[in-house]
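Peer 1: need a structure here:
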Amino acid sequence: MSHRTVAILLAVAMLAGAAAAADFSADLELKEPSGDMIWKLHVKGRVYRLEAEEDGQRRIVIVDKAADTATVIDPQAKTYEIIKGYEIAWVDPLYKSTLMKASMSKAEGGTEELDGRSCQRFTYTHPAQRGMSVDVWHATDLDHMVKQVMTTPGRRAELILRNIKVGPVAVSLMKIPEGLERKKSPEEIEAALPSLSEVAEAEAPVGRRLSGGGELRVRIAPDRIVEISVESRIPGETVATVVPCNGGQPRENIGTEPWKFARLGDRRNRKFNDNIKMFGKTFEVDEVRIKVDKGLCQVKVEQSDRDRQDLYVFGGGSAWGQGKKTGLTITITGDHQAGPTSTGKLVVDMKPEKKTEEFTLENGQSKTWTFPADQDVKSFSVKVELGKGGVKVRAQ
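Peer 2: Residues are numbered from 1 along each chain as shown. Now for the predicted structure:
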């Protein structure tokens, strides 16, 4: 079934009977193997509001079924954003359920009383996925699901409405509160970021945005492997060249040619100093120069070996590394191309449980975390939100 067909079926399913729907409030309990969660649900005609608290953070989602949109409110940041269609399934368990059932076969199963309410039973099955089914109890007076059980091989998930109270629901609950700002889209945030259009010098690890005329000259340790990543950040053509150097001069015995990118997100990588043991200093590189003749790209230069990782994390990106049996030390240094500070999060998978550390660093400021061998670090990740800076990461 095509995405278009599913979308049409979903719209029909969500609009059907909307005019007769009763206003009510309830607790929506989600029970699944990954953990339970309770949402406060308010339904008013074709619009409903979900509110929950997770990890100490309030989450509010207002869904307009007729418009097929959702307003996601972040009370902590005092922002909101409007999303459409399939994106809503990431923030709303009810929408996710409706979307899933739109591509399944539906069979009626008679009526049944549940918690004093007359319910119509339905069972959904998927012809291509054996063992997958969804059982639904749909309350007649509410014209709304009050219980749903989804079963797949080895997994069971439930959605249940509890503490149902039928009655008027305030219109204000379905509106965006005053004083909130619209959250910028990733495209808007990235479009506002500056780029380098002249010659600049740096030391690995480093990451920069380069536009036409920009050139980044990066000093590297010649006894360590270096990896250069160049990614186009515009839909049109980008042309960039990576030039390996030694002693201030291009390495004539290492071939170079312009890289041409036709689409947003196109990426190419190249390594140097990965054959020193075989050829000695013949192909040794102590500097790389990345030149952009046309377009816009995101450039990253990193060095890693068995004992140490020197990585760079752009805003909107993340870096990942493995732990060591001998212990691990992680140092993060602020390096924001567009501003004075960078904020992000370090997550370490260790005994007895994952450890999360948030950080705010000025450019050039470093913070270090040390994890002894007995903490058994399995892996770590560093993440910086888009528009929140960039950092250098050293793990050893």
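Peer 1: Lys392 contacts Asp335, doesn't it?
Peer 2: Yes: assessed by Cβ atoms under 8 Å, Lys392 is found in contact with Asp335 at 5.1 Å. Where C-beta positions appear, they are placed from N, C-alpha and C, glycine not excepted.
Peer 1: Overlap in contacts, the two.
Peer 2: Between them, Lys392 and Asp335 share these contacting residues under Cβ atoms under 8 Å, 6 or more residues apart in numbering: Val206, Tyr312.
Peer 1: Outline the domain layout of this protein.
Peer 2: Domain assignment of the chain by automatic domain parsing yields the ranges 3-183, 185-305, 306-396.
Peer 1: Quick check: chain neighbours aside, which residue is closest to the residue nearest to the spatial centre of the chain?
Peer 2: Nearest residue to the geometric centre of the chain (Cα atoms, centre = their mean): Gly316, 8.3 Å. Among residues not flanking Gly316 along the chain, Leu386 sits closest, at 3.3 Å (Cβ to Cβ, 6 or more residues apart in numbering).
Peer 1: can I assume that neighbour is in contact with Gly315?
Peer 2: Yes: counting by Cβ under 8 Å, Leu386 touches Gly315, with 4.9 Å between them.
Peer 1: Compare neighbour counts for those two and give me the winner.
Peer 2: Gly315 (24 against 16; other Cβ atoms under 10 Å).
Peer 1: my read: that one touches Lys383, true?
Peer 2: No: using Cβ under 8 Å, Gly315 is not in contact with Lys383, being 9.7 Å away.
Peer 1: Save the domains of the chain as a markdown table, and put in mean pLDDT too.
Peer 2: A markdown table is the format used below for these (pLDDT from 0 to 100):
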| stretch | mean pLDDT |
| --- | --- |
| domain 3-183 | 87 |
| domain 185-305 | 91 |
| domain 306-396 | 91 |
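Peer 1: The stretch 151-300 of the chain: strands as residue ranges?
Peer 2: Counting by DSSP state E, counting those that start in this stretch, the stretch 151-300 of the chain has strands at residues 155-166, 181-182, 199-203, 206-211, 215-219, 226-232, 238-246, 249-250, 259-261, 267-272, 287-294, 296-304.
Peer 1: follow-up on the earlier one: got the contact list for the residue nearest to the centre of the chain?
Peer 2: Neighbouring residues of Gly316 by Cβ under 8 Å, 6+ apart: Pro186, Ile189, Glu190, Val384, Glu385, Leu386, Gly387.
Peer 1: and with 10 Å instead?
Peer 2: Counting by Cβ atoms under 10 Å, 6 or more residues apart in numbering, Gly316 makes contact with Pro186, Ile189, Glu190, Leu193, Gln298, Lys383, Val384, Glu385, Leu386, Gly387, Lys388, Gly390.
Peer 1: between the residues you listed, which has the most around it?
Peer 2: Going by other Cβ under 10 Å, Gly390 tops the contacts of Gly316 with 25 neighbours.
Peer 1: which SS class is Ile88?
Peer 2: Under DSSP: H, G, I helix; E, B strand; the rest coil, Ile88 falls in the helix class.
Peer 1: burial of it, as a residue count?
Peer 2: By other Cβ under 10 Å, neighbour count at Ile88 equals 20.
Peer 1: quick one on the thing from earlier: please identify the helix or strand for the residue nearest to Gly316.
Peer 2: If you go by DSSP states H and E, Leu386 is not part of any helix or strand.
Peer 1: quick one: the residue nearest to the centre of the chain from Val384, how far?
Peer 2: 7 Å (Cβ to Cβ, to the nearest Å).
Peer 1: what do the two both touch?
Peer 2: Jointly contacting Gly316 and Val384 under the rule Cβ under 10 Å, 6+ apart are Gly390.
Peer 1: re the thing from before, next up, the contacts around the residue nearest to Gly316.
Peer 2: Each residue near Leu386 by Cβ under 10 Å, 6+ apart is listed here: Lys184, Ser185, Pro186, Glu187, Ile189, Glu190, Leu193, Phe314, Gly315, Gly316, Gly317.
Peer 1: Would you agree Phe61 is in contact with His42?
Peer 2: Heads up, residue 61 is Val, not Phe. No: between Val61 and His42 there is no contact under Cβ atoms under 10 Å: 11.1 Å.
Peer 1: what touches both of those two?
Peer 2: By Cβ under 10 Å, 6+ apart, Val61 and His42 have these common neighbours: Tyr48, Arg49, Leu50, Glu51.
Peer 1: burial count for the third one?
Peer 2: I take that to be Leu50. 20.
Peer 1: residues in contact with it?
Peer 2: Neighbour list for Leu50: 28, 39-42, 59-63, 70, 91-95 [criterion: Cβ under 10 Å, 6+ apart].
Peer 1: Go again with 8 Å.
Peer 2: Contacts for Leu50 (Cβ under 8 Å, 6+ apart) come out as Leu28, Trp39, Lys40, Leu41, Arg59, Ile60, Val61, Ile62, Val63, Asp92, Pro93, Leu94.
Peer 1: Against Ser232, how distant is the closest residue to Pro235 other than its chain neighbours?
Peer 2: Among residues not flanking Pro235 along the chain, Leu264 sits closest, at 4.8 Å (Cβ to Cβ, 6+ apart). Distance, Leu264 to Ser232, by Cβ to Cβ: 6 Å.
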